[in-house]
Each structure stands twice: as C-alpha cells, then as structure tokens.
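Student: have a look; sequence and predicted model below, questions after that.
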Amino acid sequence: MPSATDIRPTRLEYIRTKRRIVIAKKGLKLLKLKRQALILEFFNTSKTAAALRENLQKELIKGYESIRMAEILAGSMRLENESMKLPMMGKLNVKSKSIMGVHIPRLEGGQNKVYEEYLLELPTSINEAISSFNKIHKIVLEVAEKETALRKLLYEIERTKRKSNAIENVFIPRLMSAVKFITFRLDEIERDTFIMLKTVKRKMGERESEELKEVEAEINV
Amino acid sequence: MKMTTSSYSSSYGRLQAISINFLSKDFIETLVKAEDVNEVSRLLESTWYGAEIDRAAAMYTPPELLEVAINRHLVEVNKIALEATPFSGKQAIRAYFSKWDIHNIELILSSKVIGRTITETEPFLVSSRNFPAGITAGNIPHDEMKIILSQPTVEGVVNQLVKYKYGTILIQNLDTYQKTSDISPMMTELLSFYYTNLLESIKFFQGDEGITRDLFRTQIDKKNILTLLKGKDSKLDRDLVKKHLIENGKIPIDKLMEIFTANTVEEFINRIEEHIKFGDLLDNYVKTQNLVDFEVAMDKYINNNYVRKLKNIALSIGTIFHFIIKAEFEWDNIKRIAYGKRYNLTPDRINSMLVME
C-alpha cells in the first residue's frame, strides 16, 4: 500500500487520480455486470446439470434393470458373447467454448457410427441394455461437461467478486484518499503562499515606512 | 392291416425314452418358488442336470454354475438328437444346429476385428475374461475350431471356413469388410443363409413337414418383427431396417415394410395382430411396454401354435425338432429362474417369462 509520502501533491497527479477513479468506477460497474451474467449462467447451467443428474439416476436404474433382464433372458454367456462383439468406443474430442471469457470444455464423439444398425441384430433384451447404456454414456458426458462448466463458472464468479470487492473497497477508497491528500496539500501550499505573500507585503510596508521616517528625520535636521 | 415301419420309429422311441427326463411343470413351479439360486441348484442336482452341475461345481458358483451346467447339457442333448436322427433327416438337423456355428463365427470374426482374445475349452468358446461366450454345439469339430481360432485375421478365418459353406457366403462380403472394417453385412448374409438353408433342408419327404416349416417361417417372422420394432423404437431409416429383414417368413417383406409405416409402436402392434393372433399373450407387454415382453410373447405364440403340434406328428422329423426345441425352452427356463432368483424377482414375474409346454 503506497504511503502518503509516495503521492506527489501536484495538480497533474490530482487530475490523473481523478481520471483513474472514473475508470475504476466504470471497471467496477462492468465487473458487477459480468458477475451478474456469470451468476445467471451458473444458475442456468446448474439447473440443467441437476436435471441431467436426475435423468442419469433414472437411466442408471433403467440401465441396470435392463442388464439384469438381459442376463435373465439371454444368460450371461450370451451377454459375454455380445460384449465381446461390441465395437470400441470412438475417440472422444474435447473442444472448448467461451462463456463471458470463461473457457468451458465441450465433449464430442465417443460413440460408434455403426452402433444403431448393429443393435438390430441383437436379442431384444441385450439391445435394450445396450441402448440404455448408450443413453447413459451420452448423459454422463453431458453431466461431466456441465459440472466442469459449473466449477469453472464458480471459480470465475469468485475471482470477479474478489476483483470488484478489491476495486470497491480498496482501490477506489485509496484513490479517493489520495485525491483528498492532494487537495489538502494543494490547499496547504496555497495557504502557505498566501501567508508568505502577506508577510512579504507587511515587511515591504514596514521597510517603506522606516525609509519614510528616515527621510523625514533628515529633512527636520 | 400291415403297419409300415418308418425310418423315424427308432429315433422316436429313443427320444421318447429320454424325454421322460424333461422337467415337469410341477418341478418348474417348485424351482420358481425356491428360496434362492442355491436352492434351485440343489433341486436340479437330482435331475438329469445333476452330472453336469457336479462337474462344473469345482470352478463356478450359482447362477453361473447352473448356466455352465445347462449349456454343457444342451450340447449333449443336441448330440443325442443328431445321433438319433435317421440319415434322411440329418441334413435338416445339422442345418438347424448351424445357428450355434453362426453365433461362434460372429464372435470369432468380431474378436479378430476388435483385437480381443478368444480361446476354446471342450464345450465352449472362452472370452478374455475366462468366461464361456459361445457353445461349440454346431457342426464345426473342436480341432477345426482350434485352427480357425488360431487365424490372426478376418481373412484367415474366412478362408478356413470355406469348407463349411459359411466361408463362401462370407467371401462375397469380404470386399465390403476390407473397405469399411464393418462385419455386419457379412453377418446379415450369414443369418439369411442360415434360414434359407434351414427351409431348403426341410423339404416334403413324407408330407408331414408342413408344421416344421411353418415353425421356422414363424421364427423368421419373429426375427423380422423384432428387427422392425427395434428400428421403430430407435427411429431408424426404412431402407436400413429393410436390409436386415430375412426372406421366406410367413409375412412377406413388402407387407412388413407397409406395417413399418405405422406412426407409433402401438399402431405397429395392432397391424401385426392382423397377421399373428396373439390373444392375451401381449397382456404383459401392454403393461410394461418393454420389447423384452413382446419377445417372450412371440416365443409363447410359437410354442403354443407350432412346437406343441410337432409332438403329435409321431414318426417324422417334427418329433426330433420337438425334442430339440423343448430342450432349448427348458434351457431358457432354467436360466431365467436362476437369474430371476439372483435378482430377487417375484415368482409371478419369473413365471411371466417362462415358456412352458
């Protein structure tokens, strides 16, 4: 924290500081707007994430139920057989999108193109189980995407809040006190000058009256 | 009046004698009411599954123990049925058993494409997790299966299969596989070959093969209808679904594609009922809206309308198919009871999934 001795009490510094206060206030307003937008996005994303999580719970129950049914109807040997035939998952691509300057991951891929056609040739129970877990896989990716976004948004909200608090409670007050200090110092200088001028004027008056007295005395002599 | 002897009389007698081992309705009911899967296993020890349960008990615990035991038992029952078949009917029975070969070929080809390991023990193909993934109950002998499994590539497997007809079918689609790395066209062709070959092998030698042919044609219908339902459910393209339909069912493909234009699954089912009279078999499906229950309903329909009738054509290939299919239904029922018990399903729910004669 710069002390009062670091501030140059000049008119130029006064103008500069005043300008910095205006910019800081503008910045504070923008940060508050950004925080509001981030909070809004956070709530929207958290609503979507909560809905997805709820859906995931339901789908997981359905998925495990379908796996059980597949085991009951087709047997674990057929399940093993079909699981051996399942194509490997496609490559998962992680891209990113920006929300108010926050980079949020976007997951793409991870599925297999021939999947649906392949499902047609399977026993119904195994088909239902695979479709169900395929859906679960999609939802898990979406949940992962949304929850990472939430964490990043939360971090950014916290950061913006700290920034705006610092500007509002530390930076602007410090600039205001600098302005106050500069005004005070400038007033002091002005008063000093005024007093000095008064003294000089008084002394000059005294000197003039002494000189006048000396002249009068010489005349009288 | 002089009775003529049929070539099927000895097989009929032999299979009838073995048929007394099939589990009775009351026994199945006892299994359904059993406390848990261990009790199911204990109860089955006193039946014709006992020997296989004892053999597998060292390596597995119920319900896997039961599945391994009933799978081995099915392999044995299939062998007996093939041995009991007179020369004139062997081709048809072999054509029916080739479904196991097709399952195994599909498994081997997929494992070669994906790069998973697969090995072989006496009655099973064993996955990389050391768990049975396929029954070697078809027409390919064990030694030959070992040579096929040792092939490093899809092309090698296909070349080894040429002597079994399957290779000839697969070679026609090898180009597509080499271009796309997709084996599903090969598999669709193989399945289509299976049904064509099966229907061709069941010709009218004695004139009483009609019901057997109708049974397999209805099985084709079942496969086609389920394919359409899965396609409808997943909103797949009409042409793509059509590629997976198999000819020679009782309902022609054009008719099925016309039914496929239905807007909803409910409408689809209503239109199907014009061709297949399900009666109250679809009650469970209506409640759960689960395609699994529709499949069970189709199995029950096939059992009620065809399999039961086969029993009455005494000296015919139908008797042998009746024996084989009854063994398969029993195999399915025990699996369903064992896993139903593992997952604490109610007796009513287990019963709804059983196909009983």
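Tutor: Everything's here; your move.
Student: now the end-to-end length of stretch A:103-119.
Tutor: 37 Å (CA to CA, to the nearest Å).
Student: which residues of the chain fall in strands?
Tutor: Reading this off chain A. A:92-99, A:102-109 (DSSP state E).
Student: wait, chain B
Tutor: So, for chain B - with DSSP E - the strands run B:119-120, B:124-126, B:132-135.
Student: re earlier: make TSV from the strands of chain A and add mean pLDDT and mean neighbour count to it.
Tutor: The C-beta positions use only the backbone N, C-alpha and C, and glycine is treated the same way. Output for the strands of chain A, formatted as TSV (pLDDT from 0 to 100; neighbours: other CB atoms under 10 Å in any protein chain shown):
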stretch	mean pLDDT	mean neighbour count
strand A:92-99	85	11
strand A:102-109	84	15
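Student: now the ones you listed in TSV, please, with extra columns for distance to chain B.
Tutor: TSV is the format used below for the strands of chain A (distance: least, CB to the nearest CB, whole Å):
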stretch	distance to chain B
strand A:92-99	18
strand A:102-109	17
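Student: for the ones you listed, which one sits closest to residue A:162?
Tutor: strand A:102-109 (15.2 Å; CB to CB).
Student: which residues are in contact with the closest one?
Tutor: A:38, A:90-98, A:141-142, A:144-145, A:148-149, A:152-153, A:156 (CB atoms under 8 Å, 6 or more residues apart in numbering or on different chains).
Student: let's see that with 10 Å instead.
Tutor: A:34, A:38, A:41, A:45, A:89-98, A:138, A:140-142, A:144-146, A:148-153, A:155-157, A:159-160 (CB atoms under 10 Å, 6 or more residues apart in numbering or on different chains).
Student: how about stretch A:169-182?
Tutor: In contact with stretch A:169-182 (CB under 10 Å, 6+ apart) are residues A:1-2, A:4, A:6-25, A:27-28, A:163, A:165-167.
Student: ok, the nearest residue to residue B:309 once chain neighbours are set aside - how many residues close by?
Tutor: The spatially closest residue to residue B:309, leaving aside those adjacent along the chain, is residue B:211, at 5.0 Å (CB to CB, 6 or more residues apart in numbering or on different chains). Other residues near residue B:211 come to 19 when the count uses other CB atoms under 10 Å in any protein chain shown.
Student: show me the contacts for residue B:211.
Tutor: For residue B:211, counting by CB under 10 Å, 6+ apart, the contacting residues are B:305-310, B:312-313, B:316, B:318, B:321-322.
Student: mind naming the longest helix for chain B?
Tutor: Using DSSP state H to define each element, chain B has its longest helix at helix B:87-114.
Student: what's the average pLDDT for that one?
Tutor: For helix B:87-114, mean pLDDT is 84.
Student: right, is that helix up against chain A?
Tutor: Yes: shown here: helix B:87-114 in contact with chain A (CB under 10 Å from any CB of the partner chain) through B:103-104, B:106-111, B:113-114.
Student: buried ones among the residues you listed?
Tutor: Neighbour-count burial (16 or more other CB atoms under 10 Å in any protein chain shown) applied to these gives B:103-104, B:106-111, B:113.
Student: ok, so of these, who is nearest chain A?
Tutor: Chain A has its nearest neighbour among these in residue B:110, at 3.7 Å by CB to the nearest CB.
Student: which residues does that closest one contact?
Tutor: Here residue B:110 is in contact with A:81-82, A:84-87, A:118, B:116, B:118, B:154, B:183-184, B:187 (CB under 10 Å, 6+ apart).
Student: and of those, the nearest to residue B:17?
Tutor: For the contacts of residue B:110, the nearest to residue B:17 is residue A:81 (33.3 Å; CB to CB).
Student: gap between the closest one and chain B?
Tutor: 4 Å (CB to the nearest CB, to the nearest Å).
Student: equivalent analysis for residue A:139, please.
Tutor: On the measure of CB to the nearest CB, residue A:139 and chain B end up 17 Å apart.
Student: which residue, other than its chain neighbours, is closest to that residue?
Tutor: residue A:56 (4.8 Å).
Student: again with residue B:84
Tutor: residue B:11 (4.1 Å).
Student: and that neighbour, how close does it get to residue B:85?
Tutor: 6 Å (CB to CB, to the nearest Å).
Student: joint contacts of those two?
Tutor: Common neighbours of residue B:11 and residue B:85 (CB under 10 Å, 6+ apart) are B:317, B:319-320, B:323.
Student: tabulate these in a markdown table, adding columns for pLDDT and neighbour count.
Tutor: A markdown table is the format used below for the shared contacts of residue B:11 and residue B:85 (pLDDT from 0 to 100; neighbours: other CB under 10 Å):
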| residue | pLDDT | neighbour count |
| --- | --- | --- |
| B:317 | 84 | 26 |
| B:319 | 88 | 27 |
| B:320 | 90 | 26 |
| B:323 | 92 | 26 |
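Student: can you list the low-confidence ranges for chain B?
Tutor: Along chain B, segments meeting pLDDT under 70 span B:1-6, B:120-137, B:204-207.
Student: pull the number of nearby residues for residue B:91.
Tutor: 15.
Student: was I right about it contacting residue B:165?
Tutor: No: counting by CB atoms under 10 Å, residue B:91 does not reach residue B:165; the two are 12.0 Å apart.
Student: need the residues touching each of these two.
Tutor: Shared contacts of residue B:91 and residue B:165, counting by CB under 10 Å, 6+ apart, come down to residue B:197.
Student: ok, now how distant is the closest residue to residue B:192 other than its chain neighbours from residue B:224?
Tutor: Closest residue to residue B:192 apart from its sequence neighbours, by CB to CB, 6+ apart: residue B:246 at 5.3 Å. To residue B:224, residue B:246 is 6 Å away according to CB to CB.
Student: show the average pLDDT along the helix ranked longest in chain A.
Tutor: What stands out as the longest helix in chain A, according to DSSP H, is helix A:11-85. Averaging the model's pLDDT scores along helix A:11-85 yields 90.
Student: so residue B:56 touches residue B:65, yeah?
Tutor: Yes: at 5.4 Å, residue B:56 and residue B:65 qualify as touching, with contact defined as CB under 10 Å.
Student: quick one: which of those two has more around it?
Tutor: Neighbour count, other CB under 10 Å: between residue B:56 and residue B:65, residue B:65 has more, with 22 against 19.
Student: ok, now which ones touch the more buried one?
Tutor: Here residue B:65 is in contact with B:37-38, B:41, B:44, B:52-53, B:55-59, B:338 (CB under 10 Å, 6+ apart).
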